[in-house]
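Peer 1: 3D, please:
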Amino acid sequence: MNSNKHIYFFTSKDKDILQTCDEIKAQMEPYGFKFVNNHEEADIIASIGGDGSFLQACRKTNFNKDKIYVGIRTRLDQNYLYVDFSVDDIQNLIDSINSNDVMVRKYPVLEVNLNDQMSYMCLNDFYIKSSVIKPMKMEIYIDDEYFEAFNGDGLLISTPTGSTGYNKSLDGAIIDPMIRSMQLTEIASLNNNNFRTVSSSVVLGETRTLKIVLDKEGNYYPIMGLDNEALSIQETEFVRLQIKNKYIRTLRLPHNSFWSKVQRKFL
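Peer 2: Take a look at the predicted model:
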């Protein structure tokens, strides 16, 4: 990909981050890189910061599968899932982009549709919870076929890369990103003689559609989140989720697979 050298930097307005961005540009410019102010004109979209900054970069640029996304970390003492490069070794980023042998990995992206009216994307996960102090009732359908009735704190639906985050803390499985799928995980479900769910997380293949229908009598005013961003929408009747052919592309570096990242982050 050494001919694709137009880069858009996604940064916060923090003074130190902006200074770091200028320093990175100064190191890359002698190698023929061009810096653009419009992400649509870029070949590469680079975030500066941690995984949160990377997720925001994807969101603010509409999860464009025609671009290459890279993350550059500023905290050298942290291990990240999406951020592969470091501010103290920009030469590694330059060499990786210029290499003729560089490979690209594809990460599945989840589409979240509210009431068949508003559509959103997320790379990590989507959750829905009640904003009032009482269990929330929802019906779950898989490919429009009734699966179960849920009663509890909420539901989390994660992508394979998102399976290492909130999902993992709920005892969900870690899923290989090569398995294009989404995972449904319960958040504190009630299971007794009156209410019963499958209780374990459920992994659905890329062709499946998951539908969550809210109990109309509940008045839950649900809290919904996409990656690290909240949705302030109250009138929600149902949520439809699917993976299909949606994804983002990132640089795939030697000896830096998804599983090596998991190993560094957790073991």
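Peer 1: in the stretch 101-250 of the chain, which spans are strands?
Peer 2: Per DSSP state E, counting those that start in this stretch, the stretch 101-250 of the chain carries strands over the ranges 103-108, 110-114, 118-122, 125-129, 136-142, 145-158, 181-189, 202-205, 209-214, 223-226, 229-231, 238-242, 247-252.
Peer 1: Minimum distance to Pro30: which of those has it?
Peer 2: Nearest to Pro30 among the strands of the stretch 101-250 of the chain is strand 247-252; the distance by Cβ to Cβ comes to 20.5 Å. The C-beta positions use only the backbone N, C-alpha and C, and glycine is treated the same way.
Peer 1: That closest one packs against which elements?
Peer 2: Contact here means 3 or more Cβ pairs under 8 Å, 6 or more residues apart in numbering; DSSP states H and E; on that basis strand 247-252 packs against strand 68-73, strand 103-108.
Peer 1: Output the below-cut-off pLDDT ranges for the stretch 101-250 of the chain.
Peer 2: 218-220 (pLDDT under 70).
Peer 1: hang on, the earlier thing: now the helices and strands packed on strand 247-252 in CSV, with mean neighbour count and distance to Leu251?
Peer 2: Formatted as CSV, those follow (neighbours: other Cβ atoms under 10 Å; distance: least, Cβ to Cβ, whole Å):
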stretch, mean neighbour count, distance to Leu251
strand 68-73, 23, 6
strand 103-108, 16, 7
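Peer 1: Rebuild those as CSV, extending it with distance to Arg180.
Peer 2: Formatted as CSV, the helices and strands packed on strand 247-252 follow (distance: least, Cβ to Cβ, whole Å):
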stretch, distance to Arg180
strand 68-73, 18
strand 103-108, 5
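Peer 1: Of all those, which one comes closest to Phe266?
Peer 2: strand 68-73 (17.6 Å).
Peer 1: Determine the longest helix present in the chain.
Peer 2: When the chain is parsed with DSSP state H, its longest helix is helix 15-28.
Peer 1: Can you give the contact residues for the very next helix or strand once past it?
Peer 2: Per DSSP states H and E, the first helix or strand lying C-terminal to helix 15-28 is strand 34-35. Contact with strand 34-35 is made by 5-9, 25, 29, as judged by Cβ atoms under 8 Å, 6 or more residues apart in numbering.
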